[in-house]
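Colleague: Pasted the sequence and its predicted model underneath.
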Amino acid sequence: MVELFYYHHIGLNEKFGLLKHSYGKRGLYKAFKDYPVQMCHFHQKKVIQRYITMHPRLEAGKDLQKIMYNLTSTTQTIFTKKLNEWYEKHRDFLAEKTVKPETLKESFTHQKLVSAYKKLNNTSSITFYV
């Protein structure tokens, strides 16, 4: 059953054919590291949408949503450039920290935006075919 899942859902043409795209299961990228892999853009957008919501209120969230909107019609070079420009523009905002009075521990004030950026930055190599 697991074997069928791999071959049916992630697009292996044959038992040892090429892997075309995946729905975002992190372990699959390591397991099939010898094959060209691309994360499904639809699922990449949905992952980021969970962090920034469909209607972000913060400027940084709105800007990131615009970058994600163009994901399917851009190249890796342009996407990476736009993502880096977004990060540089909002670097100080993303670096803001809040101290929780009950624990006296620091955490990012805008943790979901930071997580969205890290997710995009870490998966940019598998977001596009090379």
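Modeller: It's in.
Colleague: Tell me which stretches of this protein form helices.
Modeller: With DSSP state H, the ranges of helices along the chain come out as 2-9, 26-31, 41-52, 59-69, 76-95, 111-127.
Colleague: and the ones you listed as TSV, adding mean neighbour count, distance to residue 101 and mean pLDDT?
Modeller: Quick note: C-beta positions are derived from backbone N, CA and C, even for glycine. Listed next are those as TSV, based on neighbours: other Cβ atoms under 10 Å; distance: least, Cβ to Cβ, whole Å; pLDDT from 0 to 100:
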stretch	mean neighbour count	distance to residue 101	mean pLDDT
helix 2-9	11	46	43
helix 26-31	13	35	66
helix 41-52	16	25	90
helix 59-69	17	25	95
helix 76-95	14	21	95
helix 111-127	17	17	88
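Colleague: Ok, which of these comes nearest residue 102?
Modeller: Residue 102 lies closest, by Cβ to Cβ, to one member of the helices of the chain: helix 111-127, at 17.0 Å.
Colleague: between that closest one and helix 76-95, how big is the angle?
Modeller: 160 degrees (axes from the mean of the first three to the mean of the last three Cα atoms, to 10 degrees).
Colleague: Mind pulling the model confidence for the residue of the chain most remote from its centre?
Modeller: Relative to the C-alpha centroid of the chain, counting by Cα atoms, centre = their mean, residue 102 is the outermost residue, at 32.4 Å. Note on residue 102: pLDDT of 91.
Colleague: State the distance from it to residue 124.
Modeller: Computed as Cβ to Cβ, to the nearest Å, the residue 102 to residue 124 distance reads 37 Å.
Colleague: Ok, residue 56 next?
Modeller: In terms of Cβ to Cβ, residue 56 sits 20 Å off from residue 124.
Colleague: Same question for residue 96.
Modeller: Residue 96 is 24 Å from residue 124, by Cβ to Cβ.
Colleague: cool, and residue 91?
Modeller: Taken as Cβ to Cβ, the span from residue 91 to residue 124 is 18 Å.
Colleague: Also residue 103?
Modeller: Distance check for residue 103 against residue 124: by Cβ to Cβ, it reads 34 Å.
Colleague: Repeat that for residue 109.
Modeller: 25 Å.
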